[in-house]
Every structure is written in structure tokens, then in C-alpha cells.
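Visitor: Pasting the sequence and the predicted coordinates here, then a few questions.
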Amino acid sequence: MDLEQLTKHQIVLLTLLVSFVTSIATGIVTVSLVNQAPPGVTRTINQIVEHTVERVVPATQSAAVAQTATQVVTEKTVVVKDDDLAAQSIAKMQKSLVRIVAKGGSMLVSRGVIVTAQGTTFADRDALVGSGYRQFEAILADGKRYPATLRTAQKGQALAVLDIAVGTSTGFIPAPMADLGKVQLGQSVIRISGTGGDTVNTGVIASLPDTHPGLIESSVSSATPGSLLMTLFGDIVGITTGAARASGQTFYSVPAQSLVAAASS
């Protein structure tokens, strides 16, 4: 076949064929030579390849990019069911709950909830004052009893503020307060009550404090003084008091911001 008579396309195809055959031949010769080379030469070649790979990857990434990539890889989405969240919140809240009894007594006067790390506790004032007792004790979640002093109340104050007298090494676990500005109608809530062991029930917010000042209404009721109403996330929404029960057993007194601030002082 005369090469001068080939078309442009045939010349291109012939060039590609020659290049392909030459590459295969070169590869075969290189592999044969490497296999016949002394072990020291082979080790040197391998080390050069390995070091090249190790140095090229970090050099193309800045520290910030590498850190971001790591964070993206480790992030994952965790889906928490309402039932699991409620159970976790209840277990956490129980560490902040106390039972207020007369000094030396065992009968419940009011339930209470610790709201500061210093042991300040909210309870039902009407129940404490109406009991006729003047000295009280708080039974903590671990079953230990400590003296509890009732603070002087402001006029019209529904919630009692008590100071539990224990050493600083005890380590109170305060419960957080809910942001009432974010509480909505129909929002799920949990009530913790019971004159002995804790009993729980779930419901929803039925009315907000703007309808009944100082009170919040839930679809779940409680007649036990000091019963707690909280969100699914474990934040205090309201507490059963005498003033709340006057409006109905589904009402709970809302801790005023001024009372929360005073309790922390």
C-alpha cells in the first residue's frame, strides 16, 4: 500500500495505531527491566512514588479546607422521637424535684422544684401556709432530708420560695424556666404529680397567660399542690398552686420574671 495515497483520516488512524503499539512495547520493556533490577533500585523507586503521593495531597488543601472537610464527614442527623424525648426530660427533671414535708414528718405538704444551683425552690404557697406548720424539710431525689426555710412573700404571690439549707458540696440540679413568649397553644406538655412517687401525664397548652393573667391552662389536670407542668424539653411552664386551683384543676401558676430574679438573688 502506497503511503502517499492514504487520506488524512487514514494517516491519523495509522499514527494512533503506531503510538498504541509503541506504548505497549515500552511498558513491557520497562516492567522487564524493573524485575531484573537489584532490590535496592526497586525500593528506591517505590519510596519516590510513596513520598510523592504523601506530599501532593496535603499541599493542595489549606488547613481551613481540611478542617471543614473533616467536620462535614463527621456530622450526622439524629432523629429523636417525642416519646424518647419525653422520657429523657422526665428523668432529668426528677433530679430537680423535691417533696416538702413538716419537720420530722412524712406526709406531703407540697411538691417543689429546685430552680437555682443554691437550692432555691418553688412550691405551692397556699399549701405550705395553710398546713399550719412553720418548719419544713425538703426530701430530695436521693431520699435525703434537709431543712427548708420559707421566704416572706410579696402581696398576691401564689408561689412559695424556699431555701434548702445544705452544704455547697451537695450539688443541686436546677430546672430551667421556659420562655413563655415562645410557648404556643396546642404545644405538648408533661405534668409530673403524685403525693408519693412521681406520676406523669401528657397534654397540651389550652390557654395562655394573656387570657388568665399569671396562669396557664393545660388539658391535663392535677390536684396535688406543687405539681409541675413542663415542656417536652424539660423547661418549667407552671406549678399547681391554691390560686391556680381556684380557677380550676387544669390551671397552673406561671413563675413571674421578678420572682425568678428574686429567687436567684
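Guide: Yep, that arrived.
Visitor: Chain neighbours aside, what residue packs nearest to the residue nearest the centre of the chain?
Guide: With distances taken as CA atoms, centre = their mean, residue 233 lies nearest the centre of the chain, 7.7 Å away. Counting by CB to CB, 6 or more residues apart in numbering, residue 233 lies nearest to residue 89, which is 6.0 Å off, once chain neighbours are set aside. C-beta here means a position set from N, CA and C on the backbone, and glycine is covered the same way.
Visitor: Run through the neighbouring helices and strands of the host helix or strand of the one you found.
Guide: Element membership of residue 89, judged by DSSP states H and E, is helix 82-94. Applying 3 or more CB pairs under 8 Å, 6 or more residues apart in numbering; DSSP states H and E, we find helix 82-94 packed against strand 188-193, strand 228-231.
Visitor: right, and these - which one's nearest residue 124?
Guide: When those are ranked by distance to residue 124, counting by CB to CB, first place goes to strand 228-231 at 10.8 Å.
Visitor: What's the mean pLDDT across that closest one?
Guide: The average pLDDT for strand 228-231 rounds to 97.
Visitor: Can you give the distance from that strand to the centre of its chain?
Guide: 17 Å (CA atoms, centre = their mean, to the nearest Å).
Visitor: circling back: most tightly surrounded among the helices and strands packed on helix 82-94?
Guide: Compared across the helices and strands packed on helix 82-94, strand 228-231 shows the largest average neighbour count, a mean of 25 (mean count of other CB atoms under 10 Å).
Visitor: Quick one: residues in contact with it.
Guide: 89, 93, 97, 111, 113, 175, 178, 183, 187-193, 216, 218, 220, 236-240, 252 (CB atoms under 8 Å, 6 or more residues apart in numbering).
Visitor: Give the pairing partners of it; include direction for each.
Guide: strand 188-193 (antiparallel), strand 236-239 (antiparallel) (DSSP bridges).
Visitor: helix or strand right after the last one?
Guide: Next helix or strand after strand 236-239 toward the C-terminus (DSSP H and E): helix 242-245.
Visitor: tell me what the helix or strand following that next one is packed against?
Guide: Next in sequence after helix 242-245, counting helices and strands by DSSP H and E, comes strand 251-253. Judged by 3+ CB pairs under 8 Å, 6+ apart, strand 251-253 is in contact with strand 215-218, strand 236-239, helix 242-245.
Visitor: and residue 138, which of the ones you listed is closest to it?
Guide: strand 236-239 (15.1 Å).
Visitor: Return the distance of the closest one from the chain's centre.
Guide: On CA atoms, centre = their mean, the centre of strand 236-239 falls 19 Å from the chain's centre.
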